[in-house]
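Colleague: Quick one: sequence and predicted model below, then my questions.
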Amino acid sequence: MNDLPLCVDLDGTLLKTDTLHELVVRVLKQQPWLLFWLPLWLLRGKHVLKRELAQRCVLDPALLPYNRDCLAFLQAEHARGRTLFLATGAYRSVAQSIADHCGIFAGVFATDEQQNLTGPRKAAALVARFGDKGFAYAGNDMVDVPVWEKAQQAYLVNASAATVARAGNQFAFAAKLDLRERLSPGLLLKAMRLHQWAKNALVFVPLLASHQLFDMERLWNTLLAFVAFGCCASFSYIINDIGDLDADRKHHSKHKRPFASGAVPITSGLLLAFVLLAATVALSVTLPTGFIYSLLIYFIVTNAYTLRLKYVPILDVAILAGLYTLRVIAGGFAADAQTSFWLLAFSCFIFFSLAIVKRMSELLTIETPDGKPVACRGYWTSDIPVLTGLGTASALMAVLVLSLYINSPDIVQLYSSPRYLWLLCPIIALWLGRVWLITGRGEMHDDPVVFALRDRVSWLLFGLAAVAMIVGTHL
């Protein structure tokens, strides 16, 4: 039986992902205006769409997420002398590059300029080459049923529970590999980066700073603003992760993200993004106009950042700091609470410093062969001393602005004992100093927000800062 040539599907079988979706994402990232051409190509036939995309973009086979058990099985079969073929609906140039990378396939059956090689067409091509019942076939979905019907031996790979149940009634599979678990809420929440919603707590800052936290109407509006910002931010994170697949797959930790690893399909991610965008609009229309404008600016800037601006050195960290500050401004509009110049200046400086920490943590994880500088998102590893100077200077400026605010005449209108607020300066300086010390040692998480949420010392210092503000207000 093992003398039968084994033909293996690619999208969803050998790979966890779909090469057509991967091509669409990369082409639109490089040339967004081609979005209007996609329907025209598709009208001429799916094979035309695949050809046009494959001509405009080259996938790196080494970075694609493979179904490991399936690949190990195929390598073992190849080592025993079995002849393997890649039989896929992907365009020929894409399929051939992956086959060459794997080094175990004797040939490739793929979509070409004449036809889209899926379903019955794939079955006909394999029968023409090997004869009816003259081959074995490994696939993953019900679209593969016509091929399994013509195969003497069938394998099921990376199939959903529904496919396992339906196809299992029709075929006696020789093996079932890498069977998928149902797309869980946990995976979707991970794709949304729900922990990043902690950043959106900044919308509560104007409410706290103006001592109007217990005004129920203002508090309710701020809660809605928090959720609206969270949905909008998660939308941007999903689009960012889908558009950043190659970079994430090269990263030491980001390769585990749901889209980069192939755990969540690109199509599911885009559907989730649409739902989040709809929720953002529905929540925003209930809030003041100023908040809507702020959120619209946030939406535009974050997506411009995702597409292009994050590759422009210094401007990228300035934009990140500005987006943090924009959350504070939006919170002021939502709660109808005034945001002072001091608050905005403090926000700009402290978040500029933390944005540089984020870039530093990425640069410090890069190995530099022979001590030569290595590039990452527009920066070089040789830029680390310059970034350290900029980041620590900005951190000290944040403490200076805070001290000037405490010493300003405005403070007596909100605090009965403002002298206790001076404790905030050493607390903030201590926390920022510790952040930069850990960053310099190369021990910082690639996201300072995650570090702060997990770090006990940070929670202790934040608690002390809260006590100082409460005492300053009521004593």
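Modeller: Okay, I see it. As the structure is a prediction and not an experimental result, all values here were calculated from the model.

Colleague: contacts, neighbours, all on C-alpha from now
Modeller: Fine.

Colleague: What backbone torsions are found at W422?
Modeller: Dihedral angles of W422 (phi, psi; degrees, to the nearest 10) stand at phi -60, psi -20.

Colleague: Correct me if wrong: it contacts N407.
Modeller: No - counting by C-alpha atoms under 8 Å, W422 sits too far from N407 to count as a contact (9.0 Å).

Colleague: what is in contact with the two at once?
Modeller: By C-alpha atoms under 8 Å, 6 or more residues apart in numbering, W422 and N407 have no common neighbours.

Colleague: what separates stretch 23-40 from the chain centre, distance-wise?
Modeller: In this view, stretch 23-40 has its centroid 19 Å away from the chain centroid, taken as C-alpha atoms, centre = their mean, to the nearest Å.

Colleague: ugh, wrong one, I meant stretch 58-78
Modeller: 23 Å.

Colleague: Now it: buried residues?
Modeller: For stretch 58-78, burial by neighbour count (16 or more other C-alpha atoms under 10 Å) applies to 59, 61, 63-67, 69-71, 74-75, 77-78.

Colleague: In strands, which of those appear?
Modeller: Residues of these located in strands (DSSP state E): none.

Colleague: Grab the two from these that are most spread out in space.
Modeller: Greatest spatial distance in the buried residues of stretch 58-78: L59 and E77, 26.2 Å, computed using C-alpha to C-alpha.

Colleague: shaky segments in the stretch 151-300 of the chain?
Modeller: Applying pLDDT under 70 to the stretch 151-300 of the chain flags the ranges 181-182.

Colleague: 80 instead?
Modeller: Scanning the stretch 151-300 of the chain for pLDDT under 80 picks out the ranges 178-184, 209-211, 213, 251-253.

Colleague: how many neighbours does Q413 have?
Modeller: When neighbours are counted by other C-alpha atoms under 10 Å, Q413 registers 9.

Colleague: Phi first, then psi, for the residue most central in space within the chain.
Modeller: In the chain, the centroid-proximal residue (C-alpha atoms, centre = their mean) is D241; its distance is 2.6 Å. Main-chain dihedrals, D241, degrees, to the nearest 10: phi -70, psi -40.

Colleague: cool, the one 10 residues further on as well?
Modeller: According to degrees, to the nearest 10, the main-chain angles of H251 amount to phi -80, psi 150.

Colleague: just to revisit the earlier point, which residue, neighbours along the chain excluded, lies closest to the residue nearest to the centre of the chain?
Modeller: Closest residue in space to D241, ignoring its immediate chain neighbours: F259 at 6.7 Å, by C-alpha to C-alpha, 6 or more residues apart in numbering.

Colleague: If you count contacts, what does the one helix or strand the one you found maps to end up packed against?
Modeller: Under the criterion of DSSP states H and E, F259 resides in helix 258-261. Applying 3 or more C-alpha pairs under 8 Å, 6 or more residues apart in numbering; DSSP states H and E, one finds that helix 258-261 contacts helix 185-191, helix 216-243, helix 245-250.

Colleague: For the next helix or strand after that helix, C-alpha coordinates in PDB please.
Modeller: Following helix 258-261 in sequence order, the next helix or strand is helix 266-284 (DSSP H and E). C-alpha atoms of helix 266-284 as PDB (Å, rounded to 0.1, in the frame of the first residue of the first chain):
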ATOM      1  CA  ILE A 266      -6.800  35.200   8.300                       C
ATOM      2  CA  THR A 267     -10.500  35.100   7.200                       C
ATOM      3  CA  SER A 268     -11.700  34.600  10.800                       C
ATOM      4  CA  GLY A 269      -9.500  37.500  11.900                       C
ATOM      5  CA  LEU A 270     -11.000  39.800   9.200                       C
ATOM      6  CA  LEU A 271     -14.500  38.800  10.300                       C
ATOM      7  CA  LEU A 272     -13.700  39.600  13.900                       C
ATOM      8  CA  ALA A 273     -12.200  42.900  12.900                       C
ATOM      9  CA  PHE A 274     -15.400  43.800  11.100                       C
ATOM     10  CA  VAL A 275     -17.500  43.000  14.200                       C
ATOM     11  CA  LEU A 276     -15.200  45.100  16.300                       C
ATOM     12  CA  LEU A 277     -15.400  48.000  13.900                       C
ATOM     13  CA  ALA A 278     -19.200  47.900  14.000                       C
ATOM     14  CA  ALA A 279     -19.200  47.800  17.800                       C
ATOM     15  CA  THR A 280     -16.900  50.800  17.800                       C
ATOM     16  CA  VAL A 281     -19.200  52.800  15.600                       C
ATOM     17  CA  ALA A 282     -22.300  51.800  17.600                       C
ATOM     18  CA  LEU A 283     -20.800  52.900  20.900                       C
ATOM     19  CA  SER A 284     -19.200  56.100  19.600                       C
END
